[in-house]
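Chemist: my questions are about this predicted structure, shown below with the sequence.
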Amino acid sequence: MRNIFTIFFCLFFSLIIRAQELNCVITVNSDQVSQTNQQVFKTLERSLNDFVNKSRWTNRTYLENERVNARMFITVTEFESSRFKANIQLQSSRPVFNTSYESPIFNYKDDQFNFEYIEFQPLVYNENVFDSNLVGVITYYVYIILGLDADTFTLEGGNDLYKKAQQIVTQAQGSSFTGWSQSTGERTRFELVDNLLSNTFREYRIAMYNYHRKGLDILADNNSTGKQVISGSMRLFQTLIKRRPNAFLIQTFFDAKSEEIRNVFSDGPKVDIVKLKETLNNIAPFYSSTWNEINY
């Protein structure tokens, strides 16, 4: 009996230790493609879900309930033989302590997603070689999502993960695929990870930690203090935007957070709403209509 219990315990413990980092749902939409045989898109979707959710991306230990919740929506706009032209929408979230609420962390669309894929082709990431734009882009965003999640729990906790993403960018520079080079426009994969690792944008990383770990996570126990910390995080962005107007990272933050911020400050103990709305309109004027909905 004792031996059976020992075997069961070891198997259970092994499963916990080996829990993968991501709980990600990937959807491939081919509605825009005039293709009679849809099987290749279904096979791609199934392969991508297995690739992302069954691969080990870090040496960190994740319990089952610590897996990062994410979604990837791939919309195929053109398809010919094995060549795909698409865009990818990425979303991720993290739980807030002592609540059932999931806070949105990343909400981003990448329109520069062209790749080649043959049905049933194995999807394998080789960190030493860039040989597939499909694998490269997906892996890059896996590390970005994991890095952003880590930043919300530990100050600058995502450094090693961002460096993994940056390594992919470096390897992809010699490829013919767009989105990797600094010269292919704004809001590129190069710019995103470069900004995340740059001291120029350090306030963003500090704000991510303060907002979530010191703000959202204590709202359930101390609503007033939590709101004060979140409001203070907005002032960090104000410091950053004075140095770098129209900072890419600030846009990505509010793309994910605008509705949450409105909801946080429209309920419960009050803070200085007038000053807060002034700050928000200064750093994120593109969401002015949302800020106007914050109640006094």
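Modeler: Noted; the coordinates are in hand. Numbering: from 1, shown residues only.
Chemist: check contacts around residue 149.
Modeler: Under the criterion of Cβ atoms under 8 Å, 6 or more residues apart in numbering, the neighbours of residue 149 are 68, 92, 94, 105, 158. The way it works is simple: take the backbone N, C-alpha and C, and place the C-beta from them, glycine included.
Chemist: phi, psi for the fourth one please.
Modeler: Backbone geometry at residue 105, expressed as degrees, to the nearest 10, gives phi -110, psi -40.
Chemist: please name the residues that touch it.
Modeler: Neighbouring residues of residue 105 by Cβ under 8 Å, 6+ apart: 92-94, 145, 148-149, 152, 256.
Chemist: check the first one too.
Modeler: The contact partners of residue 68, taken as Cβ under 8 Å, 6+ apart, are 21-24, 92, 94, 145-146, 149.
Chemist: can you tell me which of those residues has the most neighbours?
Modeler: Neighbours here are counted as other Cβ atoms under 10 Å. On that basis the top member of those is residue 145, with 29 neighbours.
Chemist: what about stretch 131-140, distance to the chain center?
Modeler: Mean C-alpha position of stretch 131-140 versus that of the full chain (Cα atoms, centre = their mean, to the nearest Å) differs by 16 Å.
Chemist: show me what counts as buried in stretch 95-107.
Modeler: 95-96, 103, 105-107 (16 or more other Cβ atoms under 10 Å).
Chemist: mind checking the SS state of residue 94?
Modeler: Three states are possible here, and by DSSP: H, G, I helix; E, B strand; the rest coil the one that applies to residue 94 is strand.
Chemist: hmm, back to that, need the buried residues of stretch 95-107 in TSV with distance to residue 264 and pLDDT, can you?
Modeler: What follows is these, written out as TSV (distance: Cβ to Cβ, whole Å; pLDDT from 0 to 100):
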residue	distance to residue 264	pLDDT
95	16	96
96	11	96
103	10	98
105	15	98
106	18	98
107	17	98
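Chemist: and residue 242, helix, strand or coil?
Modeler: Under the three-state scheme (three-state DSSP), residue 242 adopts helix.
Chemist: give the burial count for it, as a bare number.
Modeler: Residue crowding around residue 242 was assessed by other Cβ under 10 Å; the count is 10.
Chemist: can you map out the helices along the stretch 51-200 of the chain?
Modeler: Counting by DSSP state H, counting those that start in this stretch, one finds helices in the stretch 51-200 of the chain at the ranges 133-153, 159-172, 189-197.
Chemist: nearest to residue 81, of the contacts of residue 149?
Modeler: The shortest separation between residue 81 and any of the contacts of residue 149 is 32.7 Å, and it belongs to residue 92 (by Cβ to Cβ).
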